Structures are given as C-alpha cells and as structure tokens.
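Engineer: after the sequence you'll find the predicted model.
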Amino acid sequence: MVEASSFERSNPMTDATTPVPASPDVDRYLAGLAPEQGGPLSRLCGGIRGIAPAGTIENIKWNGPNYALDGTDRVTLGIDPRGKVRVVMHRGVKIVDAEGFSFDDDTGLVRWAAADRGVITLPADEIDRHLASIVSLIDRWLRL
C-alpha cells in the first residue's frame, strides 16, 4: 500500500476526514508497472487518495486506476501507448449535457477533448514537478 505523502497530510483543501481506502486491485496494477512509470503514478494515486471527498471509490477501469463518486466515474489514470502518464477528468461514461459547463484550468496542463472532458498527458519524469498542481485540479474537479 502507498503511504500518505507529506503533500496529502498537509493539504488544507480537503474536507475528507480519512483518505480514500486504497484498492488492492490498484495496488497490484501499480506494482506491475515499471518503476519509472509506477513510482510517479503511485504518488499521483496517493495524492488523490488524500484529497478525494468522502465516498470516493478507487478501482481499476479502462486498464488503470479510476476514481468514482456517487457511482459516476470522474478521474481515470493510466499509461498511454507512448509510455506517458495520462489523467482523464470526466463526468462519467455517458455523455452529459455540457451546455453552460466550465472548469478553469489555471495550470495550462489540461487539454480539453470536450467541454467537460480534460486530459493531462505528461512524461512520467515530469509528474512529480506538477504533482501538487494536478492533485489540486483533481480536487476541484471531484467537488463539481
């Protein structure tokens, strides 16, 4: 199991009283990755576990760690075919009316595939440099 990082323990943005429980399936997935990908992705999962609202469920979906809230998939992580770490922020499997929907990305990291579907793709060795910003974006995204 991944231990809470100092970022998770000191993040004032969370209202969760306890971190999201780690999924054994996610831990097995992370353990099966090459260290250069698994390490950064594990730290990203740890950051999400530390800030996600109460009731968030961690599982494996679409061949990567997934975070669902109230039965709706909201954030899915993975490794893309080029070996980069991918973060997909979405509002579930089904198309949701995005009229009037907006989300401010003050980091410039997100590429918007649709008005309500953002994707961050970075080389694994850049995740740690952007970890706090990515986790902050996900924190806001999960609280929409």
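Structural biologist: Received it, and whenever you're ready, just let me know what you need.
Engineer: only C-alpha atoms for contact and neighbour calcs from this point on.
Structural biologist: Fine.
Engineer: residue 68 falls within a helix, correct?
Structural biologist: No - counting by DSSP: H, G, I helix; E, B strand; the rest coil, residue 68 is not found in a helix; it is strand.
Engineer: surely it and residue 75 touch.
Structural biologist: Yes - using C-alpha atoms under 8 Å, residue 68 is in contact with residue 75, at 7.1 Å.
Engineer: and the helices in the chain?
Structural biologist: Ranges of helices within the chain are 6-10, 24-31, 35-51, 124-142, based on DSSP state H.
Engineer: among those helices, which is nearest residue 109?
Structural biologist: helix 124-142 (8.1 Å; C-alpha to C-alpha).
Engineer: ok, how many other residues are close to the closest residue to residue 131 other than its chain neighbours?
Structural biologist: Counting by C-alpha to C-alpha, 6 or more residues apart in numbering, residue 44 is the residue found nearest to residue 131 once chain neighbours are left out, at 6.7 Å. Applying other C-alpha atoms under 10 Å, we find 22 other residues in the vicinity of residue 44.
Engineer: which residues touch residue 44?
Structural biologist: 127, 131, 135 (C-alpha atoms under 8 Å, 6 or more residues apart in numbering).
Engineer: 10 Å instead, please
Structural biologist: 38, 50, 77, 85, 87, 127-128, 130-132, 134-135 (C-alpha atoms under 10 Å, 6 or more residues apart in numbering).
Engineer: now the buried members of these.
Structural biologist: Among the contacts of residue 44, those classed as buried by 16 or more other C-alpha atoms under 10 Å are 38, 50, 77, 85, 87, 127, 131-132, 134-135.
Engineer: farthest-apart pair in those residues, please.
Structural biologist: 50 and 85, at 19.4 Å, using C-alpha to C-alpha across the buried ones among the contacts of residue 44.
Engineer: what's the spacing between residue 132 and residue 23?
Structural biologist: 22 Å (C-alpha to C-alpha, to the nearest Å).
Engineer: so for this protein, the centremost residue is which one?
Structural biologist: In the chain, the residue lying closest to the centroid (C-alpha atoms, centre = their mean) is residue 75, at 5.1 Å.
Engineer: sounds good, over and out.
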